[in-house]
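Q: What shape does this take:
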Amino acid sequence: MKRAFLAFCLALFHGALLCHAGQAVVYYAQNYDALDDYQQNRAAIRKMVDAVVCEVTGQPSPAAAWGSLVKPSERVGIKVSAAGGRDFSTHRALVDAIVEGLADAGHPRQNILVWGRDEAGLAAAGYRKGDVPYAVRSIEPGVGYDRQAVFTAPVLGKLIWGDLLFVGNKSSESDEPAQLSSVSHFSKILVHEVDRIINVPVFSDAQCGVAGCIYNVTIPDIDNWRRLLQPPAFGDPALCELYADPRIGPKVVINIMDALLAQYAGGPRFEPNYSLDFGAIYAGKDPVAIDATALRRIDQWRKGKNLPSVADRAHYLQTAAAGGLGQFAPENITLKEVSLR
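A: Numbering: from 1, shown residues only. Down below sits the predicted model:
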C-alpha cells in the first residue's frame, strides 16, 4: 500500500487537484419541514438548495451561483446515491432543485445527466427515464466500464457478474472458478460523458466509515470495488487515489450532502431503525471537511445508542487531508448555518 500512497501523492504533485489550505467552511441549511413522513416538501427543499449554493459561491442569486460553477457548454453530471431505494437515496426534490437552478442559469437540460450505479435503485428513488425532465443513466453491468480507464491497487478482488473482466454469465456464476484481479475500471459515464460533477451523496455510515462525498463518486463508479473496502484498510489510501484521479476530483464543482434523512448504522442501504429525520443539507467545495463533519455526527448518534465508533474505518479521510484533498481536523473546519429567511 505504500507504493499506492506514493502514487497518490505524485498525482497531487503533478496538479491532479489543488491543495485545500487554511480553514474549510461547511455550509448547512436545516428545515424540519423539508420531509414529512418521507414526503418531500419541494418548495422548502428548493429554498435550502438555493441558499447553500449562494453561500458556497458567494454569489447574490442562485442563477449567478450555478453560472459561476458550470458553463452552459459543459456537460454536467449529477452523481446521486441510489443504494437506499425509495426512502434513503438522494431525494428527487433536491436533484430537481439543482436542475432548475442550472436551467435558470441558462444551462441546457439536454446537457444535464443524473446517474448512479444501479438502474433499479434509481427507479425506486424516483429517477425513472421519461418521468424526469433530464437524462438519467445507470452503469450497465460489464459493458458500462471503460477497458482503457484502469485503476490498480495491490489488493486482489474476486470478480463477479457485472465486473468488466468477469468471464461467464449470470446464470452460471456460481459454477465458475474464482476469478481474481487487482484491477478496476472507471465507468464510461465518468470518463466520457460528464465535464463537471455535482456530487450529491446521502448522510450515512458505510463500511469505510461514512458514505459521503469521497465515497459517492468513487466506489459506485468502478468495478471490482469490493476488494478496496475490506479490513484492515477500509479504503485507505485507495479512496484518496481514486478521488484525486483527474477523471473524478478535478471535475467536482460542488458537494451537496443530502441529510434530509440521516442514518448512523446499516448504511448506505436503508435501515429505518437507525435513521432519523434531520431536515438538513450540507454543502461546500471541500469533500473531506463535509465527510469529517458527517462522520463525527454519526459517531455521536452511535454513542447514544451504545454502538461502536466507525471512525477507525475512516482513516482515509486523514490520509486525504494529509495529501491536500481537504481538511479533516475539527479546528480547521467551520460549520456555518445558512439563513432561510
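
Q: Is V136 located within a strand, as I assumed?
A: Yes. Per DSSP: H, G, I helix; E, B strand; the rest coil, V136 lies within a strand segment.

Q: Test my guess that it contacts D118.
A: No. Using C-beta atoms under 8 Å, V136 is not in contact with D118; the gap is 11.9 Å. To be clear about C-beta, it is placed using only N, CA and C from the backbone, and glycine gets the same treatment.

Q: Looking at the two, which is more packed in?
A: More neighbours surround V136 than the other of V136 and D118, with 21 against 18 (other C-beta atoms under 10 Å).

Q: where does the more buried one sit relative to R92, distance-wise?
A: 11 Å (C-beta to C-beta, to the nearest Å).

Q: Would you mind grabbing the residues shared as contacts by these two?
A: Y127 (C-beta atoms under 8 Å, 6 or more residues apart in numbering).

Q: Helices of the protein, residue ranges please.
A: Using DSSP state H, the helices of the chain run over residues 2-13, 42-57, 62-69, 92-104, 119-124, 188, 213-216, 238-244, 287-304, 315-322.

Q: and V53, what does it touch?
A: Q59, P62, A65, W66, L69, G101, I254, I256, A283.

Q: how about those in CSV, adding neighbour count and pLDDT?
A: Formatted as CSV, the contacts of V53 follow (neighbours: other C-beta atoms under 10 Å; pLDDT from 0 to 100):
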residue, neighbour count, pLDDT
Q59, 16, 98
P62, 24, 97
A65, 24, 98
W66, 28, 98
L69, 21, 98
G101, 23, 97
I254, 23, 98
I256, 27, 98
A283, 24, 98
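
Q: one step back: so which of the helices of the chain is the most surrounded?
A: With neighbours defined by mean count of other C-beta atoms under 10 Å, none of those is more surrounded on average than helix 213-216, at a mean of 29.

Q: Check which helices and strands that one sits against.
A: strand 196-200, helix 238-244, strand 252-263, helix 287-304, helix 315-322 (3 or more C-beta pairs under 8 Å, 6 or more residues apart in numbering; DSSP states H and E).

Q: Out of those, the one nearest I219 is which?
A: With C-beta to C-beta as the criterion, I219 lies closest to helix 238-244 of those, at 7.4 Å.

Q: Can I get the closest one as CSV, trimmed to CA atoms?
A: What follows is helix 238-244, C-alpha atoms only, in CSV (Å, rounded to 0.1, in the frame of the first residue of the first chain):
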residue,chain,number,x,y,z
ALA,A,238,-7.4,3.8,-2.4
LEU,A,239,-10.3,6.1,-1.9
CYS,A,240,-7.9,9.1,-1.8
GLU,A,241,-6.2,8.0,-5.0
LEU,A,242,-9.5,7.5,-6.8
TYR,A,243,-10.8,10.9,-5.8
ALA,A,244,-7.5,12.6,-6.8
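
Q: if we can go back for a sec, which two of the contacts of V53 have the greatest separation?
A: Most distant of the contacts of V53, by C-beta to C-beta, are Q59 and I256, 15.2 Å apart.

Q: just how off-centre is stretch 81-97 within its chain?
A: 12 Å (C-alpha atoms, centre = their mean, to the nearest Å).

Q: now swap in stretch 122-137 and tell me
A: Per C-alpha atoms, centre = their mean, the centroid offset for stretch 122-137 relative to its chain is 18 Å.

Q: Check what contacts that stretch and list those residues.
A: 80, 82, 84-86, 89-92, 95-96, 99, 109-110, 112-116, 138, 189, 193.

Q: Just the buried subset of these, please.
A: Buried residues within the contacts of stretch 122-137, counting neighbours by 16 or more other C-beta atoms under 10 Å: 80, 82, 84-85, 89-92, 95-96, 99, 112-116, 138, 189.

Q: returning to that earlier point: between the helices of the chain, which one is closest to G157.
A: Closest to G157 of the helices of the chain, according to C-beta to C-beta: helix 238-244, at 11.1 Å.

Q: tell me the mean pLDDT for the closest one?
A: Rounded to a whole number, the mean pLDDT of helix 238-244 is 98.

Q: what does stretch 318-338 give?
A: 97.

Q: what distance separates the start and the end of it?
A: In stretch 318-338, first residue to last residue: 27 Å (C-alpha to C-alpha, to the nearest Å).

Q: and what of stretch 205-218?
A: So stretch 205-218: terminal residues 16 Å apart, C-alpha to C-alpha.

Q: Stretch 67-82 too?
A: Using C-alpha to C-alpha, one end of stretch 67-82 lies 27 Å from the other.

Q: which stretches of the stretch 101-250 of the chain have low pLDDT?
A: Low-confidence regions of the stretch 101-250 of the chain, defined by pLDDT under 70, span residues 169-177.

Q: Walking through it, point out its strands one by one.
A: Using DSSP state E, counting those that start in this stretch, the strands found in the stretch 101-250 of the chain span residues 112-116, 135-138, 145-158, 180-187, 196-200, 202-206, 209-210.

Q: List the residues that contact V114.
A: Here V114 is in contact with G77, I78, V80, V95, V99, L122, Y127, V132, Y134, A135, V136, R137 (C-beta under 8 Å, 6+ apart).

Q: what about it, distance to G106?
A: For V114 relative to G106 (C-beta to C-beta), the value is 19 Å.

Q: Then L325?
A: From L325 across to G106, the span is 31 Å (C-beta to C-beta).
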